[in-house]
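Undergrad: Just to be clear, the model below is a prediction. Sequence and coordinates:
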Amino acid sequence: VKYVYENPLYSFEANVIGSYNIIKACMFYKKPCLFLSSSSVYGKNEVFKGKRRDVSRIKDVVKKEGDDVVYGDPEKEEWAYSYQKGVMDGLFCYLGKKTKLFKVVRLFNCIGRRQVGDYGMVVPRFIQAALNNQPILIYGTGKQTRTFIDVRDAINGILLVKEKGEFGTPYNVGGEREITILDLAKLIKKITNSKSPIKFVSYKEVFGKENFEETLRRKPDLTKIKNLGFKPKYTLEQTIRFILGEFRKDAKNGRK
């Protein structure tokens, strides 16, 4: 989100124009393609019990492939990525049914070794801060939730869709455990045995605006991918330790 927010034109060129060029090439040469879409296509898609936009008031949080979606105000740059991925997701699905060339995976918060926190990726950013006993910075209230998947599980899900999935129909690929960002910070502190303080920073400090919006809860419905035989193997704790090993190896070898 942070990178797209800071580079809106480039992200549009890559996500929309670049993807469209791939579509045309695949159709011309009759070559199959699997499009790696994103949970961002669901937008905020939140049904509130009241008018106030508060994480504790959200119901029907689990995202199913056939759900209607709700995006934020198009004038707000933070929703640009959702719009970009959504329009190409729809085009790949439509053409997949017509041409039998395209399959679609919607990935939910994939994490693993060698992922960097330079553009706001939360898990490597938290681990790096914890290892250095620096403040772990949480954007907003920390009550927002995510459901993380180990990259090794994600690869297995992608391969299942490649081998067994239907053309032109999207498949969620994600984990099963929903966790708040605050609890994620506490978990990483515990695993790393860190003395880092947890510090809350406003969206204005990070993005330069007070009314920045993000998806408050995100959890996938995995029914369709499980029907293909998908079963995540790695817990969040196991994945964090897996990533932690890479950080420590890099530090030992003098790599950043």
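TA: Received it, and whenever you're ready, just let me know what you need.
Undergrad: what comes up buried for stretch 31-44?
TA: 33-35, 37-44 (16 or more other Cβ atoms under 10 Å). C-beta coordinates here come from the backbone N, C-alpha and C atoms, glycine included.
Undergrad: before we move on, what about stretch 126-145?
TA: Across stretch 126-145, burial judged by 16+ other Cβ under 10 Å covers 126-131, 136-140, 142, 144-145.
Undergrad: Are we agreed that L36 is in a helix?
TA: No - under DSSP: H, G, I helix; E, B strand; the rest coil, L36 falls outside any helix and is assigned strand.
Undergrad: all strands for the stretch 51-200 of the chain, in order.
TA: For the stretch 51-200 of the chain, the strands defined by DSSP state E, counting those that start in this stretch cover 58-59, 62-63, 102-107, 110-111, 136-139, 145-147, 149-150, 170-173, 178-180, 198-201.
Undergrad: now stretch 179-196, how far from the centre of its chain.
TA: 19 Å (Cα atoms, centre = their mean, to the nearest Å).
Undergrad: which stretches of the chain aren't confidently modelled?
TA: 45-60, 251, 254-256 (pLDDT under 70).
Undergrad: Just give me the longest helix of it.
TA: helix 80-99 (DSSP state H).
Undergrad: buried sites along it?
TA: Neighbour-count burial for helix 80-99 flags 80-86, 88-89, 91-93, 95-96, 99 (criterion: 16+ other Cβ under 10 Å).
Undergrad: One more: stretch 225-241?
TA: Buried residues in stretch 225-241 (16+ other Cβ under 10 Å): 225-226, 230, 232, 234, 236, 239-240.
Undergrad: Which single one of those is nearest to C110?
TA: Closest approach to C110 among these (Cβ to Cβ): T239, at 10.0 Å.
Undergrad: Quick check: the closest one touching A154?
TA: No - T239 lies out of contact with A154 (Cβ atoms under 8 Å); the separation is 10.6 Å.
Undergrad: Next, show the common contact partners of these two.
TA: Shared contacts of T239 and A154 (Cβ atoms under 8 Å, 6 or more residues apart in numbering): G112.
Undergrad: For the residue nearest to V61 when sequence neighbours are not counted, what are phi and psi?
TA: What sits nearest to V61 in space, not counting adjacent residues and going by Cβ to Cβ, 6 or more residues apart in numbering, is R217, at 4.4 Å. Dihedral angles of R217 (phi, psi; degrees, to the nearest 10) stand at phi -140, psi 140.
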